[in-house]
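K.L.:
Next comes the sequence, and after it the predicted model I'd like to discuss.
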Amino acid sequence: MLPITIAVITIIIASVAVYTDIRWGKIFNALTFPALLAGVAINTVANGLDGTLLAVEGAALGFALFIVSALFGRILGGGDIKLLMAIGALQGPYFLAWAIFYTALTGAALAIVVGLYRGVLGKRLRCLAASMYLRMSQGVPMEMHETAGSPRLPYAIAIGLGSLIAMCVLHMV
């Protein structure tokens with residue numbers, strides 16, 4: 001019964017995050033912090049200290065992505081990181097690692113679709129190629145700047161889909 005409850009809570013949290021990210025461009029703390037606390041509480045009640053450790057490890061893995069994201073130039077927003085921390089607290093680090101993997105694949109596919117739809121994919125690829133050429137031939141640092149009017153991809157969509165795929169794959173095994 002408990003895994004189903006956690007799965008339902010995860011789906012609800014991810015669905016609300018997708019809605020708010022599309023609607024307002026934000027994933028609100030009022031969603032992520034209670035979900036993170038619920039993950040710790042539910043896992044603690046169900047499994048004692050081991051459950052607490054599982055939830056904290058899951059949240060810590062989500063937070064580790066913040067560090068990695070910051071090192072590479074803020075790839076993910078704060079709301080995205082807090083959503084991943086909440087999912088990690090609910091589901092644990094093993095699940096979150098797979099969810100991150102499927103999120104990255106889903107996010108890449110969505111970025112390609114949005115880039116093709118908005119007509120910016122070719123332009124971005126040319127900029128990347130020029131930047132790589134300058135870096136390799138002349139030692140100029142690589143730069144990819146956000147341009148005004150760039151299409152925005154609400155990444156909660158990729159996180160929600162990645163988590164859903166992870167649920168399906170991990171629970172089928």
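P.N.:
Looks like it arrived, so ask away.
K.L.:
Work out which residue lies at the spatial centre of this structure.
P.N.:
In the chain, the centroid-proximal residue (Cα atoms, centre = their mean) is residue 159; its distance is 4.3 Å.
K.L.:
Contacts only, for that one.
P.N.:
Residue 159 is in contact with 14, 17, 80, 83, 84, 87, 99, 103, counting by Cβ atoms under 8 Å, 6 or more residues apart in numbering. All C-beta spots, glycine's among them, are computed from the backbone N, C-alpha and C.
K.L.:
could the residues you listed be laid out in JSON lines, adding neighbour count, pLDDT and secondary structure?
P.N.:
Converted to JSON lines, these look like this (neighbours: other Cβ atoms under 10 Å; pLDDT from 0 to 100; DSSP: H, G, I helix; E, B strand; the rest coil):
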{"residue": "14", "neighbour count": "26", "pLDDT": "97", "secondary structure": "helix"}
{"residue": "17", "neighbour count": "29", "pLDDT": "98", "secondary structure": "helix"}
{"residue": "80", "neighbour count": "25", "pLDDT": "95", "secondary structure": "helix"}
{"residue": "83", "neighbour count": "30", "pLDDT": "97", "secondary structure": "helix"}
{"residue": "84", "neighbour count": "28", "pLDDT": "97", "secondary structure": "helix"}
{"residue": "87", "neighbour count": "34", "pLDDT": "98", "secondary structure": "helix"}
{"residue": "99", "neighbour count": "31", "pLDDT": "97", "secondary structure": "helix"}
{"residue": "103", "neighbour count": "27", "pLDDT": "96", "secondary structure": "helix"}
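K.L.:
Compile those residues into a markdown table and extend it with columns for distance to residue 61.
P.N.:
Shown next, in a markdown table, are those (distance: Cβ to Cβ, whole Å):
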| residue | distance to residue 61 |
| --- | --- |
| 14 | 17 |
| 17 | 18 |
| 80 | 14 |
| 83 | 13 |
| 84 | 8 |
| 87 | 10 |
| 99 | 10 |
| 103 | 13 |
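K.L.:
Of the residues you listed, which is the nearest to residue 170?
P.N.:
Using Cβ to Cβ, residue 99 comes nearest to residue 170 of the contacts of residue 159, at 9.0 Å.
K.L.:
The closest residue to residue 80 other than its chain neighbours - how many residues pack around it?
P.N.:
In space, and not counting its chain neighbours, residue 80 is closest to residue 155: 5.0 Å by Cβ to Cβ, 6 or more residues apart in numbering. By other Cβ atoms under 10 Å, the residues close to residue 155 number 25.
K.L.:
which residues touch the residue lying closest to residue 77 once chain neighbours are set aside?
P.N.:
Leaving aside its sequence neighbours, residue 77 sits nearest to residue 155 (Cβ to Cβ, 6+ apart; 7.1 Å). Applying Cβ under 8 Å, 6+ apart to residue 155 gives the contacts 21, 76, 77, 80, 107.
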